[in-house]
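Novice: after the sequence you'll find the predicted model.
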Amino acid sequence: MILQVDIQKPGPSVAVVRFTGALTLGTSLHAADAQMQKTIKDGAAKVVLDMAGVPYMDSAGLGVLVQTSGLARQQGGELRLCGVSDRVADLIKMTRTDALLPMDSDVDASLAKLA
């Protein structure tokens, strides 16, 4: 399945990014990365990544999330993940990137922490 990205902006400095498909090395991951970077640089530095539709992620996908988190922080914001599957959560914890990529149960919980 090709990675699909849907970006909503519920507020001027907030974006909710919904992924559907695997976050793996390839053209679709590169395109998703470019969309997220543009969204943050355009002022939405508080980002919620809804990962409920992501069954799998490789190291390239993890790298994009870490890079996006750093960009959000540079812009004065924060990145939070929600709806993370056990398989993806295990990768994040195993690589000890959970300190950079905080995880919440759902979009509402992430938005509440960003408020």
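Specialist: Alright, I've got the coordinates. Residues are numbered from 1 along each chain as shown.

Novice: bridging across strands, which residues link to the spatially closest residue to residue 4 that is not a sequence neighbour?
Specialist: Using C-beta to C-beta, 6 or more residues apart in numbering and skipping the chain neighbours, the partner closest in space to residue 4 is residue 20 (4.4 Å). C-betas here are computed from N, CA, C, even on glycine. Per DSSP bridges, the residues bridged to residue 20 are residue 4, residue 53.

Novice: now do the same for the residue nearest in space to the middle of the chain: helix, strand or coil?
Specialist: By C-alpha atoms, centre = their mean, the chain has its centre lying nearest to residue 49, at 3.5 Å. Three-state call for residue 49 (DSSP: H, G, I helix; E, B strand; the rest coil): strand.

Novice: isn't it up against residue 65?
Specialist: Yes. Taking contacts as C-beta atoms under 8 Å, residue 49 lies within contact range of residue 65: 7.0 Å.

Novice: what do these two both touch?
Specialist: 79, 81 (C-beta atoms under 8 Å, 6 or more residues apart in numbering).

Novice: ok, how many other residues are close to the residue nearest to residue 4?
Specialist: 16 (other C-beta atoms under 10 Å).

Novice: then the one 5 residues further on?
Specialist: By the criterion of other C-beta under 10 Å, residue 25 has 14 neighbours.

Novice: before we move on, what about residue 55?
Specialist: Around residue 55 there are 14 residues (other C-beta under 10 Å).

Novice: distance check, it against residue 40.
Specialist: Here residue 55 is placed at a distance of 25 Å from residue 40 (C-beta to C-beta, to the nearest Å).
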